[in-house]
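**Student:** The sequence isn't on hand, but the structure is:
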């Protein structure tokens, strides 16, 4: 699967999942900050492995820039989670009401692709 | 001030301020999610106004894309705060230890500029 198509699918799937299970989202946010995430049963699970491979192949095919995984992640998902949080809180950075539509998500995604594409 | 120069200064200043006062950072994170942020004494303060003007002028001068403020924010600061949180937690998305160096911050900033610049 092409990188752009794959990342967009990720955004859509993650968003649908979050809207369906917002409490699970809040839980994972907390869990990420807990020492348990470093437990060896949790690190390098299958999902993480397939994400790593997806990224590796996109870099190999020169579809995207070769940057450290954390920087890639901050660009690929930072804007996404920022908007998702605005939506869940119904409140943007200035406290203004905010609803994440499909159109707005696509606008943000197009900018993210500009950043990552080679 | 040119947009690129101004946003970089923002990143540097915010990062320095967060490292100096991490508790204040955690407080503002919580505060942003509190209904108090909608209090009329807090909305549209001077800082927010000058940020708005900075963004408005950059769009007028056609330095950056004209997108809704929330989308702009998610790109301009989403990756930054993602990396800052990794650094403060000393833990990235996979739980791996992470330290935000000046070099990594510049790498991320360059990608953000690619996304926002016209």
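**Tutor:** That came through, no problem. The structure presented is a predicted model; accordingly, all values stated were derived computationally and were not measured.
**Student:** pLDDT wise, what is the residue nearest the centre of chain A at?
**Tutor:** By CA atoms, centre = their mean, chain A has its centre lying nearest to residue A:77, at 3.1 Å. For residue A:77, the pLDDT comes out at 96.
**Student:** Chain neighbours aside, what residue packs nearest to it?
**Tutor:** Closest residue in space to residue A:77, ignoring its immediate chain neighbours: residue B:82 at 7.3 Å, by CB to CB, 6 or more residues apart in numbering or on different chains. C-beta: built from backbone N, CA, C; applies to glycine.
**Student:** so the one you found sits right up against residue A:73, yeah?
**Tutor:** Yes. The pair residue B:82 / residue A:73 is scored as a contact, 7.0 Å apart, by CB atoms under 8 Å.
**Student:** Show me which of these two is the more surrounded one.
**Tutor:** A count of neighbours by other CB atoms under 10 Å in any protein chain shown puts residue B:82 above the other of residue B:82 and residue A:73, at 24 against 20.
**Student:** Quick check: buried residues in the helix or strand harbouring that one?
**Tutor:** Residue B:82 is part of helix B:78-89 when elements are defined by DSSP states H and E. Burial within helix B:78-89, assessed by neighbour count using 16 or more other CB atoms under 10 Å in any protein chain shown, is assigned to B:78-88.
**Student:** Which secondary structure elements does that helix sit against?
**Tutor:** Other helices and strands packing on helix B:78-89, by 3 or more CB pairs under 8 Å, 6 or more residues apart in numbering or on different chains; DSSP states H and E, are helix A:69-89, helix B:3-20, helix B:22-32, helix B:102-116.
**Student:** Check the offset of the last one from the chain's centre.
**Tutor:** So that's helix B:102-116. Taking CA atoms, centre = their mean, to the nearest Å, the mean C-alpha location of helix B:102-116 is offset from the chain mean by 12 Å.
**Student:** now what about it, what contacts it?
**Tutor:** A:65, A:67-68, A:70-71, A:74-75, A:111-112, A:114-116, B:3-4, B:7-8, B:11, B:15, B:64-65, B:72, B:75-76, B:79-80, B:83 (CB atoms under 8 Å, 6 or more residues apart in numbering or on different chains).
**Student:** Return a selection command, for use in PyMOL, containing the buried ones of those residues.
**Tutor:** Burial among the contacts of helix B:102-116 is assessed by 16+ other CB under 10 Å; the matching PyMOL selection reads:
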select buried, (chain A and resi 65+67+70+71+74+75+111+112+115+116) or (chain B and resi 3+4+7+8+11+15+64+65+72+75+76+79+80+83)
